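Novice: Got a sequence here, can you build the structure:
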Amino acid sequence: MTALVILFNLQDTSENKNYFKDILFQNIQFMVIIEFIINIYSFSFWIELIFIPVFVLISFLTAYGEYYPEYKKVGEIGAVILSFIGFTLFTLSIIHIIKSIEKYANAVELKIFLLPIILSIAFIPFAYMTAIYMEYEVLFARMKIFLPNKKLLRFAKRRLFFKKGLRLWKIKSMTPIIVKEFFSGISKDEIKTVIK
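Specialist: I've put the predicted structure just below:
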């Protein structure tokens, strides 16, 4: 999974509590090996040029059939065709690897296989910190509406950070509480109670 996709989908953390755990498991599951094997074998340029639009069209038809129940048969046929294509590509790749095993059984190929996985896993902490930063930004912007007193606002921000820290779901849980409980005349003790 690319870093850009992870960053664009950071808003999914509000719906999916296990977003970062899911990314981690996606990078270490068995499908990664299958995808790597399939990508080893490549056809000639002209076959690829014809094959890709056909593959995309069948994928669209499959998705269309899944989305609209009246076209369910189209989706099922598309899924069977896609499965057949996938199985064929996998078989061709395995045959190609077996025929030239010395070419693929080396440290360079292992690095090529492991590098994307390692880079994706290494990117997760950065993405997590970005999600936390975004949540705090939204939270602090809302607090600014309810706390016009800058000194009180700074106190509330510090208190919130020390209480919730880097726990994303704890920070997210504060948004409805702040909207409901904060008001312009709130005192320091009341802020402490609300954040606690």
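
Novice: Which SSE is immediately downstream of the lowest-mean-pLDDT helix or strand in the chain?
Specialist: None of the helices or strands of the chain scores lower by mean pLDDT, DSSP states H and E than helix 3-8, at a mean of 67. As assigned by DSSP states H and E, the chain's next helix or strand after helix 3-8 is helix 19-28.

Novice: just checking, what packs against that following helix?
Specialist: Judged by 3 or more Cβ pairs under 8 Å, 6 or more residues apart in numbering; DSSP states H and E, helix 19-28 is in contact with helix 107-146. C-beta here means a position set from N, CA and C on the backbone, and glycine is covered the same way.

Novice: next one: the helix it packs on to chain centre, how far?
Specialist: 10 Å (Cα atoms, centre = their mean, to the nearest Å).

Novice: Now the element after it, going C-ward?
Specialist: Downstream of helix 107-146, the first helix or strand assigned by DSSP H and E is helix 150-164.

Novice: hmm, who's touching that next one?
Specialist: Residues external to helix 150-164 that are found in contact with it (Cβ atoms under 8 Å, 6 or more residues apart in numbering): 136, 139-140, 143-144, 147, 170-171, 174, 182, 186, 188, 191-192, 195-196.

Novice: Let's see that with 7 Å instead.
Specialist: With Cβ atoms under 7 Å, 6 or more residues apart in numbering as the contact definition, helix 150-164 has outside contacts at 140, 143-144, 147, 170-171, 174, 188, 191-192, 195-196.

Novice: same deal with stretch 64-81?
Specialist: Taking Cβ under 7 Å, 6+ apart as the rule, stretch 64-81 contacts 58, 61-62.

Novice: Tabulate these (CSV), appending secondary structure.
Specialist: What follows is the contacts of stretch 64-81, written out as CSV (DSSP: H, G, I helix; E, B strand; the rest coil):
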residue, secondary structure
I58, helix
L61, helix
T62, helix
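
Novice: could those be laid out in TSV, adding neighbour count?
Specialist: Formatted as TSV, these follow (neighbours: other Cβ atoms under 10 Å):
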residue	neighbour count
I58	17
L61	18
T62	19
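
Novice: Please provide the alpha-carbon coordinates for the helix or strand that contains P176, formatted as CSV.
Specialist: Applying DSSP H and E as the criterion places P176 in helix 168-181. Coordinates of each C-alpha in helix 168-181 appear next as CSV, following Å, rounded to 0.1, in the frame of the first residue of the first chain:
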residue,chain,number,x,y,z
LEU,A,168,-6.0,8.5,18.9
TRP,A,169,-9.3,7.1,20.0
LYS,A,170,-9.1,9.0,23.3
ILE,A,171,-8.5,12.2,21.4
LYS,A,172,-11.5,11.4,19.0
SER,A,173,-13.7,10.8,22.0
MET,A,174,-13.2,14.3,23.2
THR,A,175,-14.8,16.1,20.2
PRO,A,176,-18.4,15.5,21.2
ILE,A,177,-17.6,16.2,24.9
ILE,A,178,-16.0,19.6,24.1
VAL,A,179,-18.9,20.6,21.9
LYS,A,180,-21.4,19.7,24.6
GLU,A,181,-19.5,20.7,27.8
